[in-house]
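how would this look folded up:
(one chain, ligands or ions: 1)
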Amino acid sequence: MFAKVEKQRNGIELIKIDNQETTIVFSNFGARIISWKYDDNSIVLGNIVEADEFYQANPFKFGATIGRYSGRIADATFELDGKTYTLDQNDGENNIHGGPHGLDTKFFDYEIYEQVGQVKIIFTTIIKSEDDHFPGNIELKVTHTYNVEHKWTVEYEAIATEKTLFNPMNHVYFNLNRDNNIIDNHYISSEKLALYPLGDNNLVSSLDPIDLKACFDTDKIKFKDIFETTHPQLQQQMTRYNGLDHPFDINDGQMTIENKHFLLKVETDMPNVVIFTFNDTSSWQSNFNIYKPHSGFTLETQCIPNDINLEGENAQSIIEANKPFYSKTSYKIFEKEI
Ligand code: G6D
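Just a heads-up that it's a prediction; the model follows:
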């Protein structure tokens, strides 16, 4: 397989990979995915034509690598080894997406490897403590691989100079509908689907999750049925957030999402998946903002947001100095025969 590089303005470079029925495009800006198409159907949200302007001030972080810490950190502060760290507040009083200078804002260096049956792009950068106020610098490699089986894999390899937090993810929004209509008709499935309820400011309020499989008693749960549930605790969550913005426990890191035409299979070694159904699209004052609520959904494979304040030294996002971190998530798209 081969890759073609296209340079746009503002330092944005696109790396385009063609795999017959499917095409996929990545960028050096935020080591992000820009486009993924099955024939003429866009299955992710983004803008390949005007990428040079679209991504710079987009608060929705379409397709970006997020880090060093993906989810919210309550009150933008945490304690590690008895020391208190104060981060930038970029979500009310919280810190989100690693702060205002997170990985989504970085221009990565990259190398392309065209191999038999796949293309690999290795993006590299350094996260500096002076930029985000977490302890330690991190040398980071984000590898996007696309193969002939229409499978996109993201691998994260990191090494930190000090004990710190590392909780990366990709902020891609999917929409498997051919007409790109809202995603309420999609079904999610996994042998385990347990949702952590949120309290104030989108923060997890309890480590006792709601078992969705028990609530709905079905293998495949439709987003619409979750949004319109009469289950009291879940209904309260949906009313409050107009959809999902919740961490899930899933079975063995595997889940599928499907509609009539396509099925997307996700596999991850990260402990949780945050599903966000793009519930409020109004915060971006831009002609580029053509999105209505539920235009897409994310599958953010990460440690439970705010784990450092919820679980202290047991938080899974803690990494030791000089000890290599590795994590992998893949998304594979299938067209259904109808
Ligand atoms: C993340 O969980 C958050 C959402 O609350 C936020 O609005 C979005 O990113 C932009 O998924």
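
Only C-alpha atoms from now on, for both contacts and neighbour counts.
Fine.

Indicate the residue of the stretch 1-150 of the chain located nearest to the ligand.
With C-alpha to the nearest ligand atom, the shortest gap between the stretch 1-150 of the chain and the ligand falls at F60, namely 4.2 Å.

distance of that residue from E6?
F60 sits at a distance of 24 Å from E6 (criterion: C-alpha to C-alpha, to the nearest Å).

Between these two, tell me which one has more neighbours.
Set side by side, F60 and E6 show more neighbours around F60, with 15 against 11, by other C-alpha atoms under 10 Å.

ok, back up a step: so what does the residue of the stretch 1-150 of the chain closest to the ligand look like in phi/psi?
Dihedral pair for F60: phi -90, psi -10, per degrees, to the nearest 10.

where along this protein do the helices fall?
Under the criterion DSSP state H, the chain contains helices at 51-54, 129-132, 212-216, 223-227, 232-241, 307-311.

For the ones you listed, give me TSV that also has distance to the ligand, mean neighbour count and mean pLDDT.
Listed next are the helices of the chain as TSV, based on distance: least, C-alpha to the nearest ligand atom, whole Å; neighbours: other C-alpha atoms under 10 Å; pLDDT from 0 to 100:
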stretch	distance to the ligand	mean neighbour count	mean pLDDT
helix 51-54	15	17	98
helix 129-132	18	15	97
helix 212-216	19	15	95
helix 223-227	16	17	98
helix 232-241	9	15	97
helix 307-311	14	18	98
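
Might you report the residue contacts of the closest residue to T86 other than its chain neighbours?
Ranked by C-alpha to C-alpha, 6 or more residues apart in numbering and with sequence neighbours excluded, the top spatial neighbour of T86 is T77, at 4.7 Å. With contact set as C-alpha atoms under 8 Å, 6 or more residues apart in numbering, T77 has these partners: T84, Y85, T86, L87, N95.

which residues touch H171?
Contacts of H171 (C-alpha under 8 Å, 6+ apart): K61, F62, G63, A64, T65, I66, T298, L299, E300.

Show me where the stretch 1-150 of the chain has its strands.
3-7, 13-19, 22-27, 32-38, 41-42, 65-66, 77-80, 83-86, 109-115, 118-127, 138-147 (DSSP state E, counting those that start in this stretch).

Strand partners (parallel or antiparallel) of the third one?
Meaning strand 22-27. strand 13-19 (antiparallel), strand 32-38 (antiparallel) (DSSP bridges).

Can you tell me which of these is packed in deepest?
strand 32-38 (a mean of 23; mean count of other C-alpha atoms under 10 Å).

Need the residues that contact that one.
For strand 32-38, contacts defined as C-alpha under 8 Å, 6+ apart pick out 21-27, 42-48, 51, 62-65, 104, 170, 172.

among the strands paired with strand 22-27, which is nearest Y196?
strand 32-38 (27.4 Å; C-alpha to C-alpha).

got the angle between the closest one and strand 138-147?
10 degrees (axes from the mean of the first three to the mean of the last three C-alpha atoms, to 10 degrees).

For the stretch 201-338 of the chain, what lies in contact range of the ligand?
Residues of the stretch 201-338 of the chain lying close to the ligand by C-alpha under 6 Å from any ligand atom are D245, F276.

can I get the strands paired with strand 22-27 in CSV with mean pLDDT and distance to G199?
Below are those laid out as CSV (pLDDT from 0 to 100; distance: least, C-alpha to C-alpha, whole Å):
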stretch, mean pLDDT, distance to G199
strand 13-19, 97, 39
strand 32-38, 98, 30
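
Just send the ones you listed back as TSV, with distance to the ligand too.
Listed next are the strands paired with strand 22-27 as TSV, based on distance: least, C-alpha to the nearest ligand atom, whole Å:
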stretch	distance to the ligand
strand 13-19	23
strand 32-38	15
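
which of the contacts of T77 tops the neighbour count?
Result: N95 is most packed of the contacts of T77 (other C-alpha under 10 Å), 24 neighbours.

what about it, distance to Y69?
For N95, the distance to Y69 - C-alpha to C-alpha - is 9 Å.

go on, L140?
According to C-alpha to C-alpha, L140 and Y69 sit 13 Å apart.

and what of E313?
According to C-alpha to C-alpha, E313 and Y69 sit 16 Å apart.

Settle it for me: which of those two has more neighbours?
Y69 (26 against 14).

Quick check, pLDDT for that one.
Among the per-residue scores, Y69 holds a pLDDT of 98.

try the one 3 residues further on
pLDDT, the model's per-residue confidence, is 98 for R72.

Pop out the phi and psi values for it.
Per degrees, to the nearest 10, the backbone of R72 is at phi -70, psi 150.

All set, thanks.
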